[in-house]
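1. here you go, sequence then predicted model.
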Amino acid sequence: QVVLVESGGGLVQPGEPLRLSCTSPGRTFNLGAMGWFRQAPGKDREFVAAITWNGRSPLYGDSMKGQVTISRQHARNTMHLQMDSLKPEDTAVYYCAARRLEDTTTSSSATDYAYWGQGAQVTVSS
């Protein structure tokens, strides 16, 4: 059983940064590529960023390209999403996702990810 746990969400003012983290407690080396998605109220889930199993070749979605940086510590099954210059329209629930161990390449399609976290609320408001 793979469990993903997000942390770092919260309320920030417009223009401020925020860093999300995702960890998979327990066994290490059991995940393939990992990614972040977000879902705002009344909208579909949207791809934000993804990274390969070894922390290379990041892939960014159009919605937050240039505003976010994804990183990963494979040995610790930990992934981060650094978000800068946040705007009110970035308010959403942010989900951590992981592909199976054998799926090492990135993907922007939610259906390619086998494991999901419970989500972290990010609210950008003054």
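-> It's in.

2. looking at this structure, which residue ends up farthest from its center?
-> Using Cα atoms, centre = their mean, the residue of the chain lying farthest from its centre is S126. It sits 24.0 Å away.

3. would you map the strands across the chain?
-> For the chain, strands defined by DSSP state E occupy the ranges 5-7, 10-12, 18-23, 34-39, 46-51, 59-60, 68-73, 78-83, 92-98, 115-116, 120-124.

4. what mean pLDDT does the fifth one get?
-> Put plainly, it is strand 46-51. For strand 46-51, mean pLDDT rounds to 97.

5. which residues are contacting it?
-> Around strand 46-51, the neighbours that count as contacts under Cβ atoms under 8 Å, 6 or more residues apart in numbering are 33-40, 57-61, 63-64, 68, 70-72, 79, 81, 92, 94, 106-110. Quick note: C-beta positions are derived from backbone N, CA and C, even for glycine.

6. put the alpha carbons of that strand into CSV.
-> The C-alpha coordinates for strand 46-51 follow below in CSV (Å, rounded to 0.1, in the frame of the first residue of the first chain):
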residue,chain,number,x,y,z
GLU,A,46,-5.3,20.5,-13.7
PHE,A,47,-1.7,19.4,-14.3
VAL,A,48,0.9,21.6,-12.5
ALA,A,49,4.3,19.8,-12.7
ALA,A,50,6.0,16.4,-12.8
ILE,A,51,9.4,15.0,-12.3
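
7. picking that back up, filter the contacts of strand 46-51 down to the buried ones and hand me the PyMOL line.
-> Listed next is the PyMOL selection for buried residues among those, using 16 or more other Cβ atoms under 10 Å:
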select buried, resi 33+34+35+36+37+38+58+59+60+61+64+68+70+72+79+81+92+94+106+107+108+110
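
8. what's the neighbour count on Y113?
-> Neighbours of Y113 under the rule other Cβ atoms under 10 Å: 22.

9. go ahead and confirm it touches C96.
-> No: contact between Y113 and C96 fails when scored by Cβ atoms under 8 Å: they sit 9.4 Å apart.
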